[in-house]
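A.B. asks: dropping the sequence and predicted coords here.
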Amino acid sequence: MPLQKQNAKVYLLAGPTGSGKSELIRHFLENNIQALDLEEMCRHDGSVFSSLTYQKQPSSYQFHKQLLKTWNRFDLSKPIFIESELKRIGNLNLPEWLVKSMEEARLILLDVDKTLRSKRLSKIVEQADPGQFTACLQRLSFKLGPKKLGEAMLHFSLADWKATADILMDYYDSTPGYLFYPERIKIQITVNQWDAAYITRLIWEKLELSSPDGLSNQFVPNQP
């Protein structure tokens, strides 16, 4: 267990599918902002479509070793950002100390316009390997039901990326495991245009944080 983990200033990025949480985490890391990219560590995005991006997952030992190594490098006096995830990502279980930290973390809700989310998901669907995407989609047959599955398969075969994405978005939006608890929300960021630097600036202004070291001059948040 990491020492002094209870003193960490952990913020959890939450939001519905297509909000860009994973992309924002990567943007943080690229700009020297403390963040855990659990999906990259686990080589899994937590969905049946994970194989579109990742292949083999690491062993539990490898994952936990990398996680501890990363966590122990953090400056606990500065914010640490983590994407909201379930306790199990693919075949890997998150350690209890991290689950507890995430459950107690301040929650940042990305309230992204649904049309914008649809556009983002449509691009992912369009770029997917047809055979792999169809195989992944069939794994949702029980949960989607034959009618919705048939519609999604038809739309995909006709290259109607938006209609395909909208069916998946509606499914994930109604899945209990992907919901959040309103009482835990620390701040809510309304996003009508998706730009990582812009959203980062909004988060820093809402949290009244000073600019992190190494961030580009384009990032100019309000100072506390």
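C.D. replies: Arrived safely. Numbers count the residues shown, from 1 in each chain.

A.B. asks: how far is the helix or strand where Lys100 lies from where the chain is centred?
C.D. replies: Using DSSP states H and E, Lys100 falls within helix 96-104. If you compare the mean C-alpha spot of helix 96-104 with that of the full chain, they lie 16 Å apart, counting by CA atoms, centre = their mean, to the nearest Å.

A.B. asks: residues of that helix that come out buried?
C.D. replies: Applying a neighbour-count criterion of 16 or more other CB atoms under 10 Å, one finds Leu98, Ser101, Met102 buried in helix 96-104. (Glycine included, C-beta is placed from N, CA and C.)

A.B. asks: go on, stretch 41-54?
C.D. replies: By neighbour count with 16+ other CB under 10 Å, stretch 41-54 contains the buried residues Met41, Cys42, Arg43, His44, Asp45, Gly46, Ser47, Phe49, Ser50, Ser51, Leu52.

A.B. asks: check contacts around the third one.
C.D. replies: Arg43 sits next to Tyr54, Gln55, Lys56, Gln57, Pro58, Gly90 when contact means CB atoms under 8 Å, 6 or more residues apart in numbering.

A.B. asks: helix, strand or coil for the first one?
C.D. replies: So that's Tyr54. The local conformation at Tyr54, judged by DSSP: H, G, I helix; E, B strand; the rest coil, is coil.

A.B. asks: which secondary structure elements does the lowest-mean-pLDDT helix or strand in the chain sit against?
C.D. replies: Evaluated with mean pLDDT, DSSP states H and E, the helix-and-strand set of the chain has its lowest mean pLDDT in strand 185-191, which scores a mean of 86. Counting by 3 or more CB pairs under 8 Å, 6 or more residues apart in numbering; DSSP states H and E, the packing neighbours recorded for strand 185-191 are strand 106-112, helix 196-207.
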